[in-house]
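K.L.:
fold the following, please.
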Amino acid sequence: MTTSSSLFHQNFEILKADTPDLIDAAHELRYQVYCQEKGYEDAERYPDRREYDEYDSHAVHSLIRHRHSGVYIGVVRLVLPHSGGADRPLPIEQHCGLDLEKSHPHLATLPRQAIGEISRFSVSKVYRRRIAEQGLIWGVCREGESYNANFHPHFNRRHLPLITLGLIAASFRMCEEHKIRHCYAAMEPTLLRLLQGVGIGFQPLGMPVDYHGMRVPAYYPVSERMPWVLNTRSELRGIYYGEQTQSQERYRHKQLVAV
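P.N.:
Numbers count the residues shown, from 1 in each chain. Below is the predicted model:
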């Protein structure tokens, strides 16, 4: 039986945006989603058709690319601690009105250099449709939309949203690489529920706020929970590591969980 992770790797790949061309592709895709598709940002502010903000000076990106077409279909950013000032607020603190010292004092005492924020978590609706029109799987389902099931007879609405899982796997990879142990995110309520359904329980920190659409500020102890998630969720583990390394990495994370 074809697994969710094998379907992902047949159709998509995760790319770390570590070259000028890939970084440019990340900003171009952000413009496509945030300016053209969603209208969250004013397109006239970005005549070069690349969306960016003040946090990009200390952030890293990953992309999801469709193998057959070469189209970049998803992007996610990890905002890192600012080297010039450990107390500089993250986007969630600045835009969601969080006062952690009052509402969640245990989080306010976390070491700032180990905290990051997942943001610009985006999948292009236009590019999804373009791929689907080719009769190819695009692997993410939002409310009111349906999967193209022609690619594989067992692929239907009950399958996990592959691109979303790919972006989460990419986020975890970036956290591990940059030694980020604690993550914040301002998430759409539907995404928050979806992740909870696959065992990735971000902790809501407040009521939804209107920031690039309705968003819930949330927290995730990534270094504490990631080993357990990768050990128990085979679909995410397969996307995170790739099919050939699952066995040895499952053993490694079993050992981490036992410690």
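
K.L.:
residue 164 and residue 197 touch, don't they?
P.N.:
No - assessed by CB atoms under 8 Å, residue 164 is found out of contact with residue 197, at 10.9 Å. For the C-beta atoms, the positions are set from N, CA and C on the backbone; glycine is no exception.

K.L.:
show me which of these two is the more surrounded one.
P.N.:
residue 164 (21 against 10; other CB atoms under 10 Å).

K.L.:
what's the helix or strand for the more buried one?
P.N.:
Using DSSP states H and E, residue 164 falls within helix 162-177.

K.L.:
what is that helix packed up against?
P.N.:
helix 4-11, strand 12-16, strand 59-66, strand 72-79, strand 115-123, helix 189-197, helix 222-232, helix 234-241 (3 or more CB pairs under 8 Å, 6 or more residues apart in numbering; DSSP states H and E).

K.L.:
how many other residues sit next to residue 231?
P.N.:
Using other CB under 10 Å, residue 231 has 19 neighbouring residues.

K.L.:
and the gap between it and residue 200?
P.N.:
13 Å (CB to CB, to the nearest Å).

K.L.:
same deal with residue 176?
P.N.:
15 Å.

K.L.:
cool, and residue 207?
P.N.:
Using CB to CB, we find residue 207 at a distance of 21 Å from residue 200.

K.L.:
go on, residue 170?
P.N.:
Distance of residue 170 to residue 200, given as CB to CB: 13 Å.

K.L.:
show me what contacts the residue nearest to residue 4 when sequence neighbours are not counted?
P.N.:
Among residues not flanking residue 4 along the chain, residue 235 sits closest, at 4.2 Å (CB to CB, 6 or more residues apart in numbering). Each residue near residue 235 by CB atoms under 8 Å, 6 or more residues apart in numbering is listed here: 3, 4, 5, 160, 165, 198.

K.L.:
list the contacts for residue 189?
P.N.:
Counted by CB under 8 Å, 6+ apart, residue 189 has contacts 208, 214, 216.

K.L.:
dump the C-alpha coordinates for the host helix or strand of the last one into CSV.
P.N.:
Counting by DSSP H and E, the element that carries residue 216 is strand 214-220. Backbone C-alpha positions of strand 214-220 (Å, rounded to 0.1, in the frame of the first residue of the first chain) are rendered in CSV as follows:
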residue,chain,number,x,y,z
MET,A,214,-7.7,35.4,11.7
ARG,A,215,-4.8,33.9,13.6
VAL,A,216,-4.3,32.1,16.9
PRO,A,217,-1.0,32.9,18.7
ALA,A,218,0.5,29.5,19.7
TYR,A,219,3.5,27.9,21.3
TYR,A,220,5.3,24.5,20.7
